[in-house]
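Enquirer: Please work out how this folds:
(chains A and B)
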Amino acid sequence: MIYFVLLGVMKGAIFALAGWGFSIILGILGIVNFSHGIFFILGGYLTFTFAKAGLNPWLAILAASFLVSVYALAIQQFFINRVMARSHMMVLVLTLGLAIVAREAMGLVFGYNERLLVMEGVNERTVTLFGNEFPLLEAIAFALSAAIFGFFFYLFRYTALGLRLRAIGENTEIARILGMNVGRSYVLAMLLCGFWTGLAGGMTIFVLPMDLHQDVYWTVMSFLVVIVGGTGNLGGTFLSAILIGIILFLSSIYARGYSDSILYVLLFLLMLVKPTGLFPSKMVVEERK
Amino acid sequence: MATWNKGIFLNRNRYLLVALAGALALCLGPAFLDSYWLKFVSFLIISLIIACSWNLIGGYCGYFSFGHGLFFGIGAYTIAVAVLRFNVNPYAGMLLGGLVSAALALVMSPMLRLKGFNFALTTLALLEATKVIFPKWEFTRGMKSWDLGWSFPPLMSDTRYYLLLVLVFFLMLASHIVFLSSRLGFATAALKEDELMARGIGVNTMLTRVCAFVLSAFWVGVTGAIYAPMITYISSQAIFSLSWSVKPIIVSIFGGIGTLTGPILGGAILIFIDQLLWERFLEYHTLIYGVLLVAIVMFLPDGLLSHYDRVTSMFRRYPPAQEAKESHASAS
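Expert: Numbers count the residues shown, from 1 in each chain, chains lettered A, B, ... in the order given. Got it, this is the predicted structure:
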């Protein structure tokens, strides 16, 4: 049982990894990016392609993440920026359209087959923690998300840059009046989001088989992690991702096939009882139109 | 932005008459259309009903529901269970589909306390949950234990379905017109502009939203219940597919969100284009659809109707007749 919970924690770490970028974009730009799942899938597919081409798998992940962040930036510069000023809800529809286009284009380039990257000496390797054996990659994913959490916490809490980003998230107009460069901060946020999400996808393709139609799933999961954790609360995102990982893992063992439904119904109930999420941040980003 | 059909200034009787005339004109359809086009127009009307219903909650109230396909699917499954399992009369089954949908919307109504993105996500999550649960639950899985869907025996002719859909379309439009020109319609307008202010001046915002949501769900449910026997086979994957939830949003935005005629106009054009694409470029159909969606949001965010209004306002009489008379009177 405890072993299952720990495995669930490691599964949750992947959700946290996917959710960070979403959280940043929702917190700073104030938009829901429905292409988020595409960043994730693209990261995985590019890693697969590079690794198959003979690149060192770790380098492949880094290169893929970098390309995904470039893609994220391009989307932001050419599409999101122009629609954002008008309505934040419209951005949701816009990014949904972009996700459809990207998915179909990727289908033309990569084909629709399922991908799972199996590398000699990477997949089957395990580490022993607390007397139990764990898959190495999931342990790395967990360590990585903990490290990223630490990095972001430090960035947003203790640095001038983090202060600026938070200020922009809280009130864009006043931040602009105070002389902050809002556009450049958006670029930074989008680059960070693309990089970490691509990284998450690159890690995941070693662990779970991936296909193009999963992008909606990953978008919804990232969204869910952020909403459950409470918008604008990084610690909350991390905790809720781990909680969701445990719920999913346990329900996939004790109630096979129903795990996603259980999760969604729980989300529905949570939203009825506590619309601000489990760990609402003290400075909840004001809901914008 | 246009106000001429946004609800507050709606001329109820005139709109009802126009809707009635339109419905009567559509009733002539079977005399002119061959079976292919009759089916096509039937599907078109189904999409229009869903789009208009979505527009009531998404456009007029500003609640972007991403799971409106849920009500469609619930309606379809209700008639399947009612007619095939309990031998209910098909017409009663269609009504029942609407009623079950409306009841579900009522149960879901506490969700309307959520705002913006959270509402969108929660509706989407419920849709996905239902999609997984229905094929596993014996009661809804199918007639026999190994079925993964419901197949209908032929219940009515295509013409009958078509006429039923026209009737539902008209009733839905009429109910929207009555709703929007009533006190509740004023309340939706106030609610969308500024909820806090609306509450401040004594609008019961929750009641307004719940009424709009239930009305919206009811007609979608009825349509789902007509759709299911019409296509003779339903499965959870197809009927709860995300595209039933996304299409009405696209159509409403394209035509003009929060306007009465916008979704109808937008739907008629978009679904026609969609059909052509489907026939000509089956392989790239989804890709082109996505590009279209992006283009609409980028270049037509206010919808087609806003351009119509821009053109008509250019040819507005100037100075306005009323003012001209007044200035004349004061001068003399």
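
Enquirer: all helices for the stretch 151-300 of chain B, in order.
Expert: Assigned by DSSP state H, counting those that start in this stretch, the stretch 151-300 of chain B shows helices spanning B:158-181, B:183-193, B:195-200, B:205-231, B:236-239, B:242-255, B:262-280, B:285-299.

Enquirer: tell me the mean pLDDT over the next helix or strand after the last one?
Expert: Once helix B:285-299 ends, the next helix or strand along the chain (criterion: DSSP states H and E) is helix B:304-314. For helix B:304-314, mean pLDDT is 78.

Enquirer: Can you mark which positions in helix B:304-314 are buried?
Expert: Across helix B:304-314, burial judged by 16 or more other C-beta atoms under 10 Å in any protein chain shown covers B:304-306, B:308-309. To be clear about C-beta, it is placed using only N, CA and C from the backbone, and glycine gets the same treatment.

Enquirer: now do stretch B:192-203
Expert: B:192, B:195, B:198, B:203.

Enquirer: Would you reformat the residues you listed as TSV and include distance to chain A and pLDDT?
Expert: Shown next, in TSV, are the buried residues of stretch B:192-203 (distance: C-beta to the nearest C-beta, whole Å; pLDDT from 0 to 100):
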residue	distance to chain A	pLDDT
B:Lys192	9	80
B:Glu195	10	80
B:Ala198	14	83
B:Val203	18	82
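
Enquirer: In those residues, find the pair that's most separated.
Expert: Using C-beta to C-beta, the two most remote members of the buried residues of stretch B:192-203 are B:Lys192 and B:Val203, lying 11.2 Å apart.

Enquirer: Show me which residues of the stretch 151-300 of chain B sit near chain A.
Expert: Contacts of the stretch 151-300 of chain B with chain A, taken as C-beta under 8 Å from any C-beta of the partner chain, map to B:242, B:246, B:249-250, B:253, B:284, B:286-287, B:289-294, B:296-298.

Enquirer: and the residues you listed, which are buried?
Expert: With burial judged by 16+ other C-beta under 10 Å, the buried subset of those is B:242, B:246, B:249-250, B:253, B:286-287, B:289-294, B:296-297.

Enquirer: just to revisit the earlier point, which one, of the helices of the stretch 151-300 of chain B, ends up nearest to A:Gly107?
Expert: For A:Gly107, the closest of the helices of the stretch 151-300 of chain B is helix B:285-299, at 8.4 Å, according to C-beta to C-beta.

Enquirer: what does the closest one contact?
Expert: With contacts defined as C-beta atoms under 8 Å, 6 or more residues apart in numbering or on different chains, helix B:285-299 is touched by A:79, A:82-83, A:90, A:93-94, A:96-101, A:103-105, A:108, B:250, B:253-254, B:270, B:273-274, B:277-278, B:281.

Enquirer: of these, buried ones?
Expert: A:79, A:83, A:90, A:93-94, A:96-101, A:103-104, B:250, B:253-254, B:270, B:274, B:277.

Enquirer: since we're on the residue in the stretch 151-289 of chain A that chain B sits nearest to, how many residues are nearby?
Expert: Proximity of the stretch 151-289 of chain A to chain B (C-beta to the nearest C-beta) peaks at A:Tyr264, 3.7 Å away. When counting by other C-beta atoms under 10 Å in any protein chain shown, one arrives at 24 neighbours for A:Tyr264.

Enquirer: again with the one 10 residues further on
Expert: Here the neighbour count serves as a burial measure; for A:Lys274 (other C-beta under 10 Å) it reads 13.

Enquirer: The residue nearest to it when sequence neighbours are not counted in helix, strand or coil?
Expert: Leaving aside its chain neighbours, A:Lys274 sits nearest to A:Pro280 (7.9 Å; criterion: C-beta to C-beta, 6 or more residues apart in numbering or on different chains). Classification of A:Pro280 using DSSP: H, G, I helix; E, B strand; the rest coil returns coil.

Enquirer: tally of neighbours for A:Pro280?
Expert: Other residues lying near A:Pro280 total 16 when counted by other C-beta under 10 Å.

Enquirer: distance between stretch B:149-166 and the chain's centre?
Expert: Offset of stretch B:149-166 from its chain centre (C-alpha atoms, centre = their mean, to the nearest Å): 20 Å.

Enquirer: so what pLDDT did the residue of the stretch 151-289 of chain A closest to chain B get?
Expert: pLDDT, the model's per-residue confidence, is 83 for A:Tyr264.

Enquirer: check which helix or strand covers it.
Expert: helix A:259-273.

Enquirer: by contact count, what packs against that helix?
Expert: The contact analysis (3 or more C-beta pairs under 8 Å, 6 or more residues apart in numbering or on different chains; DSSP states H and E) places helix A:259-273 against helix A:215-229, helix A:234-254, helix B:116-133.

Enquirer: for chain B, what are the nearby residues on the stretch 101-250 of chain A?
Expert: Counting by C-beta under 8 Å from any C-beta, the stretch 101-250 of chain A sits next to chain B at A:101, A:103-105, A:108, A:216, A:220, A:223-224, A:227.

Enquirer: Farthest pair within those?
Expert: That would be A:Leu108 and A:Ile227, which, of these, are the farthest apart (C-beta to C-beta) at 33.2 Å.

Enquirer: give me every residue that touches A:Val70.
Expert: Here A:Val70 is in contact with A:Gly194 (C-beta under 8 Å, 6+ apart).

Enquirer: where's it, which helix or strand?
Expert: According to DSSP H and E, A:Val70 maps onto helix A:57-75.

Enquirer: mind checking how far that helix is from the chain centre?
Expert: Relative to the chain's own centre, helix A:57-75 is displaced by 14 Å; criterion: C-alpha atoms, centre = their mean.

Enquirer: ditto for stretch B:276-284
Expert: That offset, for stretch B:276-284, works out to 25 Å (C-alpha atoms, centre = their mean).

Enquirer: Likewise for stretch B:194-210?
Expert: Between the centre of stretch B:194-210 and the centre of its chain there are 23 Å (C-alpha atoms, centre = their mean).

Enquirer: Can you check the distance spanned by that stretch, start to finish?
Expert: End-to-end distance for stretch B:194-210: 17 Å, by C-alpha to C-alpha, to the nearest Å.

Enquirer: Which stretches in chain A count as helices?
Expert: Applying DSSP state H to chain A gives helices spanning A:2-28, A:36-52, A:57-75, A:81-84, A:88-110, A:136-158, A:160-170, A:172-177, A:182-207, A:215-229, A:234-254, A:259-273.

Enquirer: out of the ones you listed, nearest to B:Leu173?
Expert: Smallest distance to B:Leu173 across those (C-beta to C-beta): 24.4 Å, for helix A:88-110.

Enquirer: Give me the angle between that closest one and helix A:215-229.
Expert: Counting by axes from the mean of the first three to the mean of the last three C-alpha atoms, to 10 degrees, helix A:88-110 points 140 degrees away from the direction of helix A:215-229.
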